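Student: Model the structure of this input:
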Amino acid sequence: MEFKTVFQQFKEKTLSGRYITNSSIEPLLKQLGSDFKISTPAVSVKQQPIYTIEVGRGAHKIYMWSQMHGNESTTTKALFDFLNLLNSTHPLATQLKENFSFMIVPIANPDGATAYTRVNANEVDLNRDAFHLSQPESQLLRALYDGFKPDFCFNLHDQRTIFGAGNTGKPATVSFLAPAYNEEREINSVREQAIGIIVAMNAALQEYIPEQIGRFDDSFNINCIGDRFQSLGTPTILFEAGHFPDDYEREVTREYIFIAYLVAMTTISKSEHVNNKTAEYFDIPQNMIVFFDFIYKNIKIDAADNQKITNFAAQYKEILENDKIVFEAYIAETGTLSDYYGHTEYDFKNESIRNSNGAIPMINDKADFLVANEQKIVNGLLKK
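Tutor: Next up is the predicted model:
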């Protein structure tokens, strides 16, 4: 299948960037055809509607939810790319709707999406509330699970730019996890099915982003929704949309998430996920925290009685301003940084640096400074 061609044909062009809210998707929900059932079975803490989309008449029941962390929107964009496909006359759309029944929650945490926060309006992480079910959003996600009785669950998230696919110097552009179902992290037939789907998605994506697929940590937590559903006997997959070089808006990554969706459906429809792929799964490198957004190498520091050469690192903070996400770079670390990579790296070749006050930048200062050779760093980047 020409996955990239399909993606370009059905990419939802009205959705872009990182800030995706109910207001972003409501016009798109109205454009879906009569075979889509749009409902609002519950509201959030701040009384925003939580939308569900049901489509398809097939035997394989897939439950997909995105943005239970409100500031993790890449998988939501890819969901609407996928919905555009299902809403078309493309032969693949017909095939998918004949083979699958979908229950989709595009934004599970609309208050968090509006505020661009991980947590909901009560400052609860919904992905740590799957057992206690203290929040209305968590209660809905569980009620839908109980009512729909899915055969597979897709738990859709974004991950930070700090993650690499192992320690190779490659970013984890996409990561997956077949969550544990018990403290011992054993492999049973349920988890094995999730593993089989992940191995297929990894194999397909390696053709596009080689060595940029990671495996998320599988420590067990019954309050995490994936672990909970896996423990209840439903094969569950965590999707993590990560960083592609220079793609802070995650427009490239959304394409690979879309491709992963299609590969997962193809794998399930052909029953290829039932084969034991555990060895191949654990060959996928585990996510490692090995990246900063910027590393500035070989900076000369003049102290009272000595001089040393060191390195600085900066990380973006994502700030919501006027319904847009602004990326502001701050100094995050200094030292040898020998175990880290920068998505962008500069070598200052033993020059000194000074901020606008003539001082050496400190941790938590904005990454705006002058290099002694008159180079200028503005918001992390070298100004041309």
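Student: And for stretch 360-373, what's in contact with it?
Tutor: 294, 300-301, 312, 314, 328-334, 348, 351-356, 376-380 (C-beta atoms under 8 Å, 6 or more residues apart in numbering). C-beta here means a position set from N, CA and C on the backbone, and glycine is covered the same way.
Student: Now, these that are in strands?
Tutor: Among those, the ones falling in strands (DSSP state E) are 294, 300-301, 312, 314, 328-334, 348, 351, 353-354, 376-378.
Student: What average pLDDT does the helix or strand hosting G226 get?
Tutor: If you go by DSSP states H and E, G226 is part of helix 225-231. Helix 225-231 comes out with an average pLDDT of 98.
Student: Now do it: which elements does it pack against?
Tutor: Judged by 3 or more C-beta pairs under 8 Å, 6 or more residues apart in numbering; DSSP states H and E, helix 225-231 is in contact with helix 136-148, strand 152-158, helix 189-206, strand 236-241.
Student: what packs against the first one?
Tutor: Which is helix 136-148. strand 37-43, strand 49-56, strand 60-66, strand 100-105, helix 225-231.
Student: highest average neighbour count across the ones you listed?
Tutor: helix 225-231 (a mean of 25; mean count of other C-beta atoms under 10 Å).
Student: sorry, back to before: what's the closest of the helices and strands packed on helix 225-231 to N275?
Tutor: When these are compared by C-beta to C-beta, helix 189-206 sits nearest N275, at 6.0 Å.
Student: Would you mind giving the orientation angle of that closest one with respect to strand 152-158?
Tutor: For helix 189-206 against strand 152-158, the angle by axes from the mean of the first three to the mean of the last three C-alpha atoms, to 10 degrees is 50 degrees.
Student: buried sites along helix 189-206?
Tutor: Neighbour-count burial for helix 189-206 flags 190-202, 204-205 (criterion: 16 or more other C-beta atoms under 10 Å).
Student: just stretch 87-94 next, same as before
Tutor: By 16+ other C-beta under 10 Å, the buried positions in stretch 87-94 come out as 87, 92-93.
Student: ditto for stretch 267-274
Tutor: Going by neighbour count (16+ other C-beta under 10 Å), the buried part of stretch 267-274 is 267-269, 273.
Student: Apart from its neighbours in sequence, what residue is nearest F154?
Tutor: Once flanking residues are discounted, F154 sits nearest to M64: 4.3 Å by C-beta to C-beta, 6 or more residues apart in numbering.
Student: Please list all residues in contact with the spatially most central residue of the chain.
Tutor: In the chain, the residue lying closest to the centroid (C-alpha atoms, centre = their mean) is D158, at 1.7 Å. Contact analysis of D158 by C-beta under 8 Å, 6+ apart lists 69, 71-75, 240-242, 250.
Student: so what's it closest to, chain neighbours aside?
Tutor: E72 (3.6 Å).
Student: secondary structure class for the one you found?
Tutor: Put simply, E72 is coil when judged by DSSP: H, G, I helix; E, B strand; the rest coil.
Student: my guess is it meets H157, correct?
Tutor: Yes. E72 is within contact range of H157, at 5.1 Å (criterion: C-beta atoms under 8 Å).
Student: Those two: which is more packed in?
Tutor: E72 (25 against 22; other C-beta atoms under 10 Å).
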